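Novice: the following block contains a protein sequence and its predicted model.
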Amino acid sequence: MTDDAQTAVPKSKNRSANQAAIALIADTYPKAFSRDKVRPLKIGIQEDLVADGKLPAGKIKRALASYVRSPLYYKSMQLGAERVDLQGNAAGVVSELEAAHAKEMLKKIRQQRRDRQQQQLQQQEEKQRQERLSNKLAQLVNKPTN
């Protein structure tokens, strides 16, 4: 089994657990967390979530980590964009440094996607090449002799 095959299941399970945690936090705090209208969150919102006590700390940590590392969240982090608290109220704005960091993270995500796609294409081409070679060898082995 290849390394990719060994890591595929845990990544899938991890992704599912992250999505479930985000769904839970979005259902509990719909004015702050949305899958459709992602907005920058208040700095220190994790402490507010823990203090509110509606969700376990582990779920909060998982959900926040996934939520704020998503491309949609990074896209929302525009200079001067309004941050929101748990009730959806204004709680500060995105600074120039924060906006620049988000822009850089989006670049990295896009590059990683391009790299993965390129790697998948190369693997597919190699597989096709191997299949053609195998077919040619099979034809040679099975070729009747005169």
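Specialist: Done, it's in.
Novice: correct me if wrong, but residue 144 is in a strand.
Specialist: No. Using DSSP: H, G, I helix; E, B strand; the rest coil, the assignment for residue 144 is coil, not a strand.
Novice: state the distance from residue 40 to residue 127.
Specialist: The gap separating residue 40 from residue 127 is 43 Å, by C-beta to C-beta, to the nearest Å. (Glycine included, C-beta is placed from N, CA and C.)
Novice: who has more neighbours out of these two?
Specialist: When neighbours are counted by other C-beta atoms under 10 Å, residue 40 and residue 127 differ, and residue 40 comes out ahead with 23 against 10.
Novice: which non-adjacent residue is nearest that one?
Specialist: Once flanking residues are discounted, residue 40 sits nearest to residue 83: 4.5 Å by C-beta to C-beta, 6 or more residues apart in numbering.
Novice: for the protein, what spans make up the helices?
Specialist: Taking DSSP state H, the helices of the chain run over residues 3-28, 45-52, 57-68, 71-76, 96-141.
Novice: how far does stretch 106-119 sit from the chain's center?
Specialist: Here stretch 106-119 is found 12 Å from its chain centre; the criterion is C-alpha atoms, centre = their mean, to the nearest Å.
Novice: just the C-alpha atoms of that stretch, please, in CSV.
Specialist: Taking Å, rounded to 0.1, in the frame of the first residue of the first chain, the C-alpha atoms of stretch 106-119 are listed here in CSV:
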residue,chain,number,x,y,z
LEU,A,106,-4.9,32.1,-0.1
LYS,A,107,-1.9,32.1,-2.4
LYS,A,108,-0.4,29.1,-0.5
ILE,A,109,-3.7,27.2,-0.7
ARG,A,110,-4.0,27.9,-4.4
GLN,A,111,-0.4,26.8,-5.0
GLN,A,112,-0.9,23.6,-3.0
ARG,A,113,-4.0,22.8,-5.1
ARG,A,114,-2.1,23.4,-8.3
ASP,A,115,0.7,21.2,-7.1
ARG,A,116,-1.7,18.4,-6.1
GLN,A,117,-3.5,18.6,-9.5
GLN,A,118,-0.1,18.5,-11.3
GLN,A,119,1.0,15.5,-9.3
